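**Student:** Got a predicted structure here, sequence first:
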Amino acid sequence: MNISIDWWRARSRRAVVLKLGSILLWLSLATGLMGQSEDSKGPDLKKLSLEQLAQTEVTSVTKEAVPAFQTPAAISVMTGAEISRSGARNIPDVLRLIPGVEVGQIDSNEWAIGVRGFQGHLSRGVLVLIDGRSVYTPLFAGVYWEMQDVMIENIDRIEVIRGPAGTIWGSNAVNGVINIITKNARETHGTLVSVGGGNVEQGFVDWRYGGGTDNLSFRVWGKAFNRGPQYHSDGRNFDDWRRGQTGFRVDWKPSDRDAITIQGGAYAAEAGQSVQLTFYSPPSNPVVDGNRRFYGENILSSWRRVLSRGSDIQINAYYDRSQRRELSYEEVRHTVDLDFIHHLAGGRHDLTWGLGSRISPSTFTQRIATVDFMPHHSTYNIFSGFVQDDVALARDRLSLMIGTKLEHTTYSGFDYQPSARLAWTPNRQNTVWAAVTRAVRTASRIEEGFNLTALIEPSVPLFARVFGDGKFDSENLIGYELGYRHYLSSRGFLSVSLFHNRYDDLLSLESRPVEPETTPGPSHQVIPFDLRNGVAAESTGGEVATLWDAREWLRLRSTYSFVELDAKTKPTSNDTSTVKPLEGDTPRHKVVIQASISLPKDFDLNLAYRYVSAVPNQMIPAYSTGDARIGRKLGKHLELEVVGRDLLQASHPEYGGTPGPLVGIRRSGFLALTWTP
């Protein structure tokens, strides 16, 4: 098998045995502790049963609540309880545990994340939502992970769709959707305070206060942290990170038919970065370390009314303002979004349709001559409509979900994104599903008015310049998927997903002949590059996830993910720089093994082991590492937890992206005390 070859090449046999031995030692210690208890079963894990987990309702596939077990899509759900037990302090660390999601940490405040390939700093082709609010930026076509944060204790669940989901969510939901959903205010009454710190997570505080009645509840919350740098072999500890954030949420049920939510928040952050800047006079490209600053505010409202016979309507609206001040540029963006959704249930049909609009004006401020967007003031608009019908071909056994999204955007014009999904559930133990889907990534500001100049040879001097001239069309994907879910027994669960994706019109850099230029001085030569659609690709892979309740006190999870991507330039393209990163920026294999253990005396233990294969284009070798969290109740309201992350080595690189040597992700740990209602 390929995985065995890669594994043994990446690690010596002795090293692999030591790593696996460490995991077995952890489990042996936990089992030994359980043996010291008078009750060999130990306390209950305080978890959902397997059947309850399978019937957990998800909303990311249809925008309506449906059981996860019967959903005709590759969807994973991390509940708030599972997230808390993992010891994760940020969203990327949670996503590491989900099959098909590749997470590589660049430094202390940046990550490269992909779903089924295309791993990168901006997660191109992945749509990320926080309570329905899109955090995808049209400036560089992606997600600034360092600007996104949620109070972990407020998260109800994270739903991840692996694969295209454009029919419901529209453009840029090409490889997947990450939907972060926070708790209803009714679930967060009382006071919560959590404080802690360690060597990388140097200090943090989370607080929350909620109250009200079953019909009208509220919460206010805030968080702040200071994170230290990772390991730098050259001593340039530029990547420290500080952030403060606050927010509120109100949930109101004025009647049995109506539910209204209003929530909002604001944040300010300062994050260190290292960047290579280019200057014309004198021709130079120094590496500069400094701080960039982020600010943002948002407010979101949602109204849902239940109609007759189980139908309902939803109206969702939000306003978001973000300000990003980099060393080389600054952008201020305002976004106003309005969506209407109508769900009609009747007979064999479960129909959902909707209309949406988004207006997003932005102002770009040029800080150095070699980075620019023209014009400096621009407005990005999206107008869309979708329809999707879930048809019960055989009630509770066989269903067909068909639909399409029609969308018009400022830079790409009109696009359509149809899908067909079939689910067969012959009994309560098995579900087989298949899907064919089309999705698109529309053009963004980087392909419309971008102008970036980089120094190649100072002695000439010779520069390269990338132009976004508006002649870029949408990237598109045709995805084929097949999946199977099965209860192994009353104590086990298996999920298998396979996929084959065909991409066309991917972004390419097309060079033109060298041009002389006298302004700005001194005189120099420029190689122009145009952004075009000159690359095609195919990816094939799959994910396997298992869940096993080995004992009353022991739950084991394991996942394996595989992806292989082949790219090529089209005959009309002269691009020589895109194919290698596409094929080599994503690990082919990922393995995650988790154990959740309830110990005597109110202790609980969570262990996680990760193996990630090589990322050749980033010069990252394969690595194994592990995390551990142990918590104990110190009374009715107080809990102590000790968390260790990346424990199997002093440091290891996971992804490139900064000038200079690769940054090592340090072995780290922190202690936290949490007061709960």
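**Tutor:** On my side now, so go ahead. Residues are numbered from 1 along each chain as shown.
**Student:** Let me see the residues that make contact with stretch 227-240.
**Tutor:** Stretch 227-240 has contacts (Cβ atoms under 8 Å, 6 or more residues apart in numbering) with 105, 107-110, 199-202, 226, 241-242, 271-274, 289-290, 650-651, 658, 660-661, 663-666. Every C-beta, even on glycine, is put in place using the N, C-alpha and C of the backbone.
**Student:** mean confidence for that stretch?
**Tutor:** Averaging pLDDT along stretch 227-240 yields 96.
**Student:** end-to-end on that stretch?
**Tutor:** Stretch 227-240 has an end-to-end distance of 6 Å (Cα to Cα, to the nearest Å).
**Student:** next one: stretch 404-414
**Tutor:** Separation of the first and last residues of stretch 404-414 by Cα to Cα is 13 Å.
**Student:** residue contacts, the residue most central in space within the chain?
**Tutor:** Centroid-nearest residue in the chain, with Cα atoms, centre = their mean: Ile178, separated by 5.2 Å. The contact partners of Ile178, taken as Cβ under 8 Å, 6+ apart, are Leu95, Val101, Val115, Val126, Leu127, Val128, Leu129, Ile158, Glu159, Val160.
**Student:** same question, Lys570
**Tutor:** Ser508, Gly534, Val535, Ala536.
**Student:** Tell me how far the first one lies from Lys570.
**Tutor:** So the one you mean is Ser508. Going from Ser508 to Lys570 by Cβ to Cβ, to the nearest Å gives 8 Å.
**Student:** which neighbours do these two share?
**Tutor:** Common contacts of Ser508 and Lys570 (Cβ under 8 Å, 6+ apart): Gly534, Val535.
**Student:** Report pLDDT for Gln105.
**Tutor:** On pLDDT, Gln105 comes in at 97.
**Student:** before we move on, what about Arg551?
**Tutor:** 88.
**Student:** Enumerate the beta-bridge partners assigned to it.
**Tutor:** For Arg551, the beta-bridge partners are Leu554 (DSSP bridges).
**Student:** What about it, how many residues nearby?
**Tutor:** Residues near Arg551, counting by other Cβ atoms under 10 Å, number 17.
**Student:** For Glu297, see how far away Ser108 is.
**Tutor:** Distance of Ser108 to Glu297, given as Cβ to Cβ: 25 Å.
**Student:** higher neighbour count, those two?
**Tutor:** Ser108 (22 against 15).
**Student:** In three-state terms, label that one for me.
**Tutor:** Secondary structure, DSSP: H, G, I helix; E, B strand; the rest coil: Ser108 is coil.
**Student:** which ones are touching it?
**Tutor:** Contact analysis of Ser108 by Cβ under 8 Å, 6+ apart lists Val200, Arg227, Gly228, Pro229, Gln230, Asp239, Asp240, Trp241, Gly272.
**Student:** so what's Ser49 scoring on pLDDT?
**Tutor:** At Ser49, pLDDT is 54.
**Student:** and what of Gly222?
**Tutor:** 98.
**Student:** Gly635 too?
**Tutor:** pLDDT for Gly635: 87.
**Student:** what's around it, how many residues?
**Tutor:** Number of residues near Gly635 (other Cβ under 10 Å) recorded here: 8.
**Student:** Count the residues that sit near the residue nearest to Gly403 when sequence neighbours are not counted.
**Tutor:** Once flanking residues are discounted, Gly403 sits nearest to Gln388: 3.0 Å by Cβ to Cβ, 6 or more residues apart in numbering. The number of residues packed near Gln388 is 24, by other Cβ under 10 Å.
**Student:** strand partners of the strand or helix carrying the residue nearest to the centre of the chain, parallel vs antiparallel please.
**Tutor:** According to DSSP states H and E, Ile178 maps onto strand 176-182. Within its sheet, strand 176-182 is paired with strand 126-130 (parallel), strand 155-162 (antiparallel), according to DSSP bridges.
**Student:** coming back round to it: how close does the residue nearest to the centre of the chain sit to Pro581?
**Tutor:** Applying Cβ to Cβ, the value for Ile178 to Pro581 is 22 Å.
**Student:** in what helix or strand does Ala81 lie?
**Tutor:** Assignment of secondary structure by DSSP H and E places Ala81 within helix 80-86.
**Student:** for that helix, packing partners?
**Tutor:** Here helix 80-86 touches helix 91-95, strand 155-162, strand 589-599, strand 603-612, strand 623-633, going by 3 or more Cβ pairs under 8 Å, 6 or more residues apart in numbering; DSSP states H and E.
**Student:** picking up where we left off before, may I see the PyMOL selection of the buried members of the contacts of Lys570?
**Tutor:** Here the buried members of those are turned into a PyMOL selection, burial being counted by 16 or more other Cβ atoms under 10 Å:
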select buried, resi 508+534+535+536
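**Student:** any chance of the contacts of Lys570 in CSV, with secondary structure too?
**Tutor:** Below are those laid out as CSV (three-state DSSP):
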residue, secondary structure
Ser508, strand
Gly534, strand
Val535, strand
Ala536, strand
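**Student:** just to revisit the earlier point, can you put the helices and strands packed on helix 80-86 in JSON lines and add mean neighbour count and distance to Thr363?
**Tutor:** Shown next, in JSON lines, are the helices and strands packed on helix 80-86 (neighbours: other Cβ atoms under 10 Å; distance: least, Cβ to Cβ, whole Å):
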{"stretch": "helix 91-95", "mean neighbour count": "21", "distance to Thr363": "28"}
{"stretch": "strand 155-162", "mean neighbour count": "23", "distance to Thr363": "33"}
{"stretch": "strand 589-599", "mean neighbour count": "21", "distance to Thr363": "40"}
{"stretch": "strand 603-612", "mean neighbour count": "22", "distance to Thr363": "40"}
{"stretch": "strand 623-633", "mean neighbour count": "20", "distance to Thr363": "42"}
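**Student:** Of all those, which one comes closest to Pro461?
**Tutor:** Proximity to Pro461 (Cβ to Cβ) singles out helix 91-95 among those, at 39.2 Å.
**Student:** Give me the angle between the helix or strand following the closest one and strand 589-599.
**Tutor:** As assigned by DSSP H and E, the chain's next helix or strand after helix 91-95 is strand 101-105. With axes from the mean of the first three to the mean of the last three Cα atoms, to 10 degrees defining the directions, strand 101-105 sits at 90 degrees from strand 589-599.
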